[in-house]
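Chemist: No sequence on hand, only this structure:
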């Protein structure tokens, strides 16, 4: 049932503070995981966030989550951020679904929001409500701040909130209809009589048989198609900075967080950074 309510805990980062220095090649990488739970409450780094808002996270609900980057040093830096998300089952560590470099202001529609499955084609069901003015998104998922971040300056709020899609698949449910011709079925059940033979309950599909005296509908969750229910959702925000010089940017922003995958910084970002060349002895 796609609108089934789920209780949740949530915790997250509000401020990422970057410390600048006078080293030739200053750079820094920080990550913060923002954890949501569709079943149990948990908290890690919490700031500028009210836990009460996240204890009942359900499809369609928006939860405040402020993130910004602040340069607390005495030298200008350049900044980029990346968001990655994963879903795990409660009590398990292995992810059953990940979305690397998925940054979207609207949750992706699912192939089937009631089939209880979470295929890759579903994309993300969590909208990250971004304020991207002053940022440029690269093809590899990085968001680059378009200008140098001066000492004591802030990028201002980048992530404002997250919203679980209103049609999030909370599992597949089967609906079975039964009828009985036993007149005093309530008395029989109250007396502890069980089993179809004794109570006369029989499964049927519409229309209901004319001989029916009582009917009931049983809704049951499919244990093999639970969708996103009973899960923990983790949103990891990685922020990287380095000093605003050509060589520093080439050395530290030329590859992804894995240190291997080449990264191409958008030309308009490089132009906006107006980097200074610096010879390192």
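Modeler: On my side now, so go ahead. This structure is a prediction, so every number in the text was calculated from the model and none was measured.

Chemist: Return the residues in contact with the spatially most distant residue from the centre of the chain.
Modeler: In the chain, counting by Cα atoms, centre = their mean, residue 183 sits farthest out from the average C-alpha position, at 51.7 Å. With contact taken as Cβ atoms under 8 Å, 6 or more residues apart in numbering, residue 183 is in contact with residue 213. The way it works is simple: take the backbone N, C-alpha and C, and place the C-beta from them, glycine included.

Chemist: any idea whether it is helix, strand or coil?
Modeler: At residue 183, secondary structure determined by DSSP: H, G, I helix; E, B strand; the rest coil is coil.

Chemist: Report pLDDT for it.
Modeler: At residue 183, the model reports a pLDDT of 80.

Chemist: How about the one 4 residues further on?
Modeler: Confidence at residue 187, expressed as pLDDT, is 76.

Chemist: so when I look at it, I'm seeing a helix, right?
Modeler: Yes. Checked against three-state DSSP, residue 187 lies within a helix.

Chemist: count of residues packed around it?
Modeler: Neighbours of residue 187 under the rule other Cβ atoms under 10 Å: 10.

Chemist: quick one: it from residue 214, how far?
Modeler: Note on residue 187: its distance to residue 214, by Cβ to Cβ, to the nearest Å, is 12 Å.

Chemist: quick one, what contacts residue 162?
Modeler: Counting by Cβ under 8 Å, 6+ apart, residue 162 makes contact with 34, 36, 62-63, 65, 126-129, 235.

Chemist: Let's see which of these end up in strands.
Modeler: Among the contacts of residue 162, the residues falling in strands (DSSP state E) are 34, 36, 62-63, 65, 126-129, 235.

Chemist: So for those, which is the shakiest by pLDDT?
Modeler: Within the ones in strands among the contacts of residue 162, residue 36 has the lowest pLDDT, namely 53.

Chemist: returning to that earlier point: go through the contacts of residue 162 and name the one nearest residue 272.
Modeler: residue 128 (23.2 Å; Cβ to Cβ).

Chemist: That closest one and residue 248, how far apart?
Modeler: 29 Å.

Chemist: swap in residue 93?
Modeler: Using Cβ to Cβ, which is the criterion applied here, residue 93 is 36 Å from residue 248.

Chemist: Also residue 258?
Modeler: From residue 258 over to residue 248 (counting by Cβ to Cβ), the distance is 19 Å.
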